[in-house]
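Undergrad: Quick check, what structure comes out for this input:
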Amino acid sequence: MEHLSALNEMQRQAVVHKDGPLLIIAGAGTGKTSTLTHRILHLIKEGVAPGEILAVTFTNKAAKEMRDRIGELLEKYGFKTGIRYGDALPFMGTFHSLGVYILRAHAEKFGLTRNFAILDKSGAGTLMKQAVKEQGIDSKQFSPDRMGSIISRQKGNLVTMEEYRASAGNSFFPTIVSSVWERYENFLKREKALDFDDLILKTVILLRENPTIRGYYQSKWKFVHIDEYQDTNGAQHELTRLLVGPAKNICAVGDGDQNIYSWRGANVQNILNFEKDYAGARTILLEENYRSTQTILSVANDVIRKNTIRAEKNLFTKNKEGAKIGLIESYNEGEEARIVGEKIKNIIESGTAPENIAVLYRANFQSRVLEEAFLVMGIPYQVLGVRFFERKEVKDILSYLSASQNPNSLSDIKRIIDCPPRGIGKSTLAKMFAKDEHGLPPAAQKRVTEFWNLLRDIKEYVSTEKASDIIKFISERSGIEASLKTGRDEDAERLENIHELVTLASKYNILPPEEAVEKLLEDAALSSDQDSLMKNESAVKLMTVHAAKGLEFPYVFVTGLEQDLFPHRRIGAGEVSKEDEEEERRLFYVAITRAKEKLYLSHASVRAIFGQRQVNIPSEFLLDINDEHIEREEGDCGIDREPTIRLD
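TA: So this is what the prediction gives:
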């Protein structure tokens, strides 16, 4: 079969396995996405209808890559593709977009409409602050962020507010959490909105409590594929179980050695227990790496071998042996940043494009000194995490669009009611929210009426026009575009972002107008940090190791390899548990395996943390690397090096 010719033996076995549960343990860089997409192609060639195939992953970036590759493969092997294939394409999306898809079809079960709002992290945070405030609770003692994290973790473990309150009894702190949670849920109901965690939790509740609906989706998707299975939390694991029908045609793909998200509920035991959860499951190991040099893989294997909570595997490659690992030893973080900058300048001057270089760190605060050095040295850089959809002007436009579809979304209305200024203040807004607009002075009533008319006009426009034209319409009719034509540089940049939103919206023009708007708002709400890198800027990428998962670069610098920073130890934490210890090692393993050609590891003897300078010893991870794989790097470019403190 021609479509299998480019695969290695283990990949082929994974692709042709059809009936019954399958676990693919796919090491870093072993062609996981290629195997998954060829498996879906093979099912279609074997006569499975595309609409009977479900493929779920964790990020929009990964889902887009999967969709693009499937489209290319189907076209290559003679299948007609486009916006639809037959009645449907395989469903390929994230867990959250899957939840949105199912909940929109059954929104009335939760007192919602199809156009329910999806609160992003910022929107949910605003409501949580309001809930804490209205409960009369001291926000310093019980911070909204802490309340939000606790509630999010409970939802991720499939615990509802009612269940949590029942288990709290008279305990002081859980009682406080319960009261805030109840107020927060009331706000969500008022706005006909769901937060991220609800998208999974409520889908699980829907499928659990409605056998007919559960049976419908089990028969709709006869072949279920879950990517990055090691990252599933309790709710995602249960959602998967509910969607897999009696035939148990589930294919889980993942790597326990890359489980690095336990802090947000991911449970590595889900992948380790797969064969228990699905009796008779077949397990296939993908160990041939196509990404990195053998030197990088040898180091990665040595590092991860110390972990005990894992399935045994050993990465290998037919690639070249490759350069040794560069070890950068600096006096302090400033010198570290300068030496890293020197190396990067040399790499760029030798012909490497800046976007092929990444600098990784354990904690976000480490980026500041790197940015300062790169600015001085004229190195173009981009910090991952500045999301396009988080920019104020973009959120304003999307809030107009969301409010036009769901006038109950008070968060959206609050955001745009006086943007641009139209003379509607807090007292007027309070009367609007209380449905007491008739009590307003005539001038205020007129302004409020004009606002509601604007939302009505947008809603009417949405019913007939293309997505890109809708964004243009909102920008002009709302007055936002005119308000940004001030001639100031920052306003010109904001206007450019709106124009970019129009361009982005044009990709939805092939959909019917209302469906296009629904999809645009969904994608904006579910965007992730990695989406900010989808635009191929010619710049060195700076990001945390967590954010780098799933990415790869020819040149990778891992900085701040010092004990208690990487591996990280929380301030005030007592003994580090074995699970946390092993997760830090997995995180370092992920950092190593991002590199394709050359890996640099860096540490400083002195570093300022929380305003205090402290002497550090090198990370224990460096001791796991055989000396034969290491070469020490020196700074150049005329920098006066301060003496490095050696602690042997």
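
Undergrad: what about D257, distance to E620?
TA: D257 sits 18 Å away from E620, taking CB to CB, to the nearest Å as the criterion. To be clear about C-beta, it is placed using only N, CA and C from the backbone, and glycine gets the same treatment.

Undergrad: Compare the two (neighbour count), which wins?
TA: More neighbours surround D257 than the other of D257 and E620, with 28 against 17 (other CB atoms under 10 Å).

Undergrad: Skipping adjacent residues, who's closest to the more buried one in space?
TA: Excluding its sequence neighbours, the residue lying closest to D257 (CB to CB, 6 or more residues apart in numbering) is I304, at 5.1 Å.

Undergrad: Low-confidence bits of this structure, can you list those?
TA: Applying pLDDT under 70 to the chain flags residues 80-88, 385-387, 489, 528-536, 570-576, 610-612, 635-648.

Undergrad: what's the burial count for the residue lying closest to E390 once chain neighbours are set aside?
TA: Counting by CB to CB, 6+ apart, E390 lies nearest to S122, which is 7.2 Å off, once chain neighbours are set aside. For S122, the count of nearby residues is 10 (other CB under 10 Å).

Undergrad: Doesn't S122 belong to a strand?
TA: No. With DSSP: H, G, I helix; E, B strand; the rest coil as the criterion, S122 is located in helix rather than a strand.

Undergrad: Can you tell me how far it is from S139?
TA: 17 Å.

Undergrad: And E481, by the same measure?
TA: 37 Å.

Undergrad: who has more neighbours, the two?
TA: Neighbour tally, E481 and S139, criterion other CB under 10 Å: the higher count belongs to E481, 19 against 14.

Undergrad: For the more buried one, pull up the helix or strand it's in.
TA: Using DSSP states H and E, E481 maps to helix 480-483.

Undergrad: Could you tell me how far that helix lies from the centre of the chain?
TA: Offset of helix 480-483 from its chain centre (CA atoms, centre = their mean, to the nearest Å): 32 Å.

Undergrad: Tell me which other helices or strands that helix touches.
TA: Judged by 3 or more CB pairs under 8 Å, 6 or more residues apart in numbering; DSSP states H and E, the packing partners of helix 480-483 are helix 392-405, helix 467-477, helix 489-505.

Undergrad: For D227, which of those helices is the nearest?
TA: helix 489-505 (24.7 Å; CB to CB).

Undergrad: Measure how that closest one sits relative to helix 467-477, angle-wise.
TA: Angle, helix 489-505 to helix 467-477, by axes from the mean of the first three to the mean of the last three CA atoms, to 10 degrees: 150 degrees.

Undergrad: and helix 489-505, what other elements does it pack with?
TA: helix 392-405, helix 467-477, helix 480-483.

Undergrad: what residues does that helix touch?
TA: With CB atoms under 8 Å, 6 or more residues apart in numbering as the test, helix 489-505 has contacts from 388, 391-394, 397, 467-468, 470-472, 475, 480-481, 484-485, 516, 520.

Undergrad: State which strand of this structure is the longest.
TA: strand 595-609 (DSSP state E).

Undergrad: So what are the sheet partners of it and their directions?
TA: Taking DSSP bridges as the criterion, strand 595-609 forms sheet pairs with strand 325-332 (parallel), strand 553-558 (parallel), strand 612-615 (antiparallel).

Undergrad: Would you mind saying which of these lies nearest L7?
TA: Judged by CB to CB, the one of the strands paired with strand 595-609 that comes nearest to L7 is strand 553-558, at 24.4 Å.

Undergrad: Check the spacing between P513 and R282 real quick.
TA: Taken as CB to CB, the span from P513 to R282 is 46 Å.

Undergrad: out of those two, which sits in the more crowded spot?
TA: Counted by other CB under 10 Å, P513 and R282 do not tie: P513 has more neighbours, with 18 against 15.

Undergrad: Which residues are in contact with that one?
TA: Residues near P513 by CB under 8 Å, 6+ apart: 462-467, 470.

Undergrad: which of those residues lies closest to A363?
TA: The nearest one, if we look at the contacts of P513 relative to A363 and count by CB to CB, is A467, at 38.7 Å.

Undergrad: Hmm, the residue nearest to D257 is touching Y589, no?
TA: Yes. Between I304 and Y589 there is a contact under CB atoms under 8 Å: 4.5 Å.

Undergrad: Identify the contacts common to these two.
TA: The overlap between the contact sets of I304 and Y589 (CB under 8 Å, 6+ apart) consists of D257.

Undergrad: Contacts for stretch 617-628, please.
TA: Applying CB under 8 Å, 6+ apart, the set of residues contacting stretch 617-628 is 298-299, 302-303, 306, 325, 327, 329, 561-563, 565-567, 585, 588, 601, 603, 647.

Undergrad: what about it, how long is it end to end?
TA: End-to-end distance for stretch 617-628, by CA to CA, to the nearest Å: 21 Å.

Undergrad: Could you do stretch 14-31 as well?
TA: Start and end residues of stretch 14-31 are separated by 12 Å (CA to CA).
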